[in-house]
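Colleague: Structure here, sequence nowhere to be found:
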């Protein structure tokens, strides 16, 4: 059934194959006026993959981001999809992805421009066709800070029959059966409007969603801050260096190495604890455990 309340389910109901699908996806973000993109990633802990003991991955680091990676593959499951029968652009014909009738449309919502890509079914999941994902690989880096719309249409199975639109997504297209207060309705209206302006008829859609690419400050800001504070801590001095051993080599001993120096260079630590397994980056002062 389509969502009927103002709160999100943990998983996106338009692709129930696995949590976090489709991916990337602004369903898993929240508004954040303080971020450069106006969004903030919010993966619920119980949506994350878990280990054999049932412990999910901690989403804290991902939830710092103001969007998704500009190089992320786009993942979705289309039950029974035959990529050849559908006419999905393969790696050998990326240009096909920009055809007016291409079954997959990847759209920069700000510029209205189509983005080239190639796509394939996951070759590692042939034994589980019920979980074999369609992987859409952008052929260029996505624009930092931009919002992209993904539209799928004309999805066909190996008999070339059209695969029916999922009921949950169809409800957003038709407006029928939606509960009052569903906060995704404005988002879906914007997605459908973006695709309509690009010449994609909403009635032809199998599925559509959008996602925001992280901004440049969001992608690089913390590492640049680490660099800047490390150099500021050093000032005009060089790092502390201790030389423990120097070994000279003749060309006969090793034609590639003339001198080997073994020692230690002291640099500021931006890792928690002693930097061993399980350590994380921290964002306090060098050598501290701040968050």
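Modeller: Cool, the structure landed. Here the structure is a predicted model, which is why all the values come from computation and not from measurement. Numbering: from 1, shown residues only.

Colleague: what's stretch 188-196 in contact with?
Modeller: The contact list for stretch 188-196 (CB atoms under 8 Å, 6 or more residues apart in numbering) reads 105, 107, 109, 112, 149, 151, 172-173, 202, 205, 208-210. Every residue, glycine included, has its C-beta placed from N, CA and C.

Colleague: gap between that stretch and the chain center?
Modeller: 21 Å (CA atoms, centre = their mean, to the nearest Å).

Colleague: Kindly report the same for stretch 102-120.
Modeller: The answer for stretch 102-120 is 16 Å, by CA atoms, centre = their mean.

Colleague: where's the closest residue to residue 42 other than its chain neighbours, which helix or strand?
Modeller: Spatial nearest neighbour of residue 42, excluding adjacent residues (CB to CB, 6 or more residues apart in numbering): residue 30 at 4.7 Å. Using DSSP states H and E, residue 30 sits in strand 29-31.

Colleague: Check which helices and strands that strand is in contact with.
Modeller: Under the contact criterion of 3 or more CB pairs under 8 Å, 6 or more residues apart in numbering; DSSP states H and E, strand 29-31 touches strand 39-41.

Colleague: Quick check: next helix or strand after the strand it packs on?
Modeller: Taking DSSP H and E, what comes next after strand 39-41 is strand 74-76.

Colleague: Quick one: residues contacting the residue nearest to residue 42.
Modeller: 39-40, 42.

Colleague: Need the buried ones from those selected in ChimeraX.
Modeller: This is the ChimeraX syntax for the buried subset of these, where burial follows 16 or more other CB atoms under 10 Å:
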select :39,40,42
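
Colleague: Reformat the contacts of residue 30 as JSON lines; add pLDDT and distance to residue 86.
Modeller: Below are these laid out as JSON lines (pLDDT from 0 to 100; distance: CB to CB, whole Å):
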{"residue": "39", "pLDDT": "96", "distance to residue 86": "31"}
{"residue": "40", "pLDDT": "97", "distance to residue 86": "35"}
{"residue": "42", "pLDDT": "96", "distance to residue 86": "33"}
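
Colleague: and which of the contacts of residue 30 is nearest residue 233?
Modeller: Relative to residue 233, the closest of the contacts of residue 30 is residue 40; by CB to CB it sits at 29.8 Å.

Colleague: Could you measure from the closest one over to residue 53?
Modeller: In this view, residue 40 and residue 53 are 29 Å apart by CB to CB, to the nearest Å.

Colleague: Then residue 15?
Modeller: Residue 15 is 27 Å from residue 53, by CB to CB.

Colleague: Of those two, which one has the most company?
Modeller: With neighbours defined as other CB atoms under 10 Å, residue 15 and residue 53 compare such that residue 15 has more, 25 against 5.

Colleague: Look up the closest residue to the more buried one, ignoring the ones flanking it.
Modeller: Per CB to CB, 6+ apart, closest to residue 15 is residue 21, 4.2 Å.

Colleague: tell me the contacts of residue 99?
Modeller: For residue 99, counting by CB under 8 Å, 6+ apart, the contacting residues are residue 89.

Colleague: Tell me where this protein has strands.
Modeller: 29-31, 39-41, 74-76, 104-108, 117-121, 134-138, 147-153, 205-212, 240-248, 259-266 (DSSP state E).

Colleague: Out of those, flag the one nearest residue 82.
Modeller: strand 117-121 (8.6 Å).

Colleague: between the closest one and strand 147-153, how many degrees?
Modeller: 50 degrees (axes from the mean of the first three to the mean of the last three CA atoms, to 10 degrees).

Colleague: in its sheet, what does strand 117-121 sit against?
Modeller: Counting by DSSP bridges, the strands paired with strand 117-121 are strand 134-138 (antiparallel).

Colleague: how far does the strand it pairs with sit from the chain's center?
Modeller: Chain-centre distance of strand 134-138: 11 Å, with CA atoms, centre = their mean.

Colleague: buried residues in that strand?
Modeller: Within strand 134-138, the residues that count as buried by 16+ other CB under 10 Å are 134-138.

Colleague: cool, and stretch 193-203?
Modeller: So for stretch 193-203, counting by 16+ other CB under 10 Å, buried means 194-195, 198, 200, 202.
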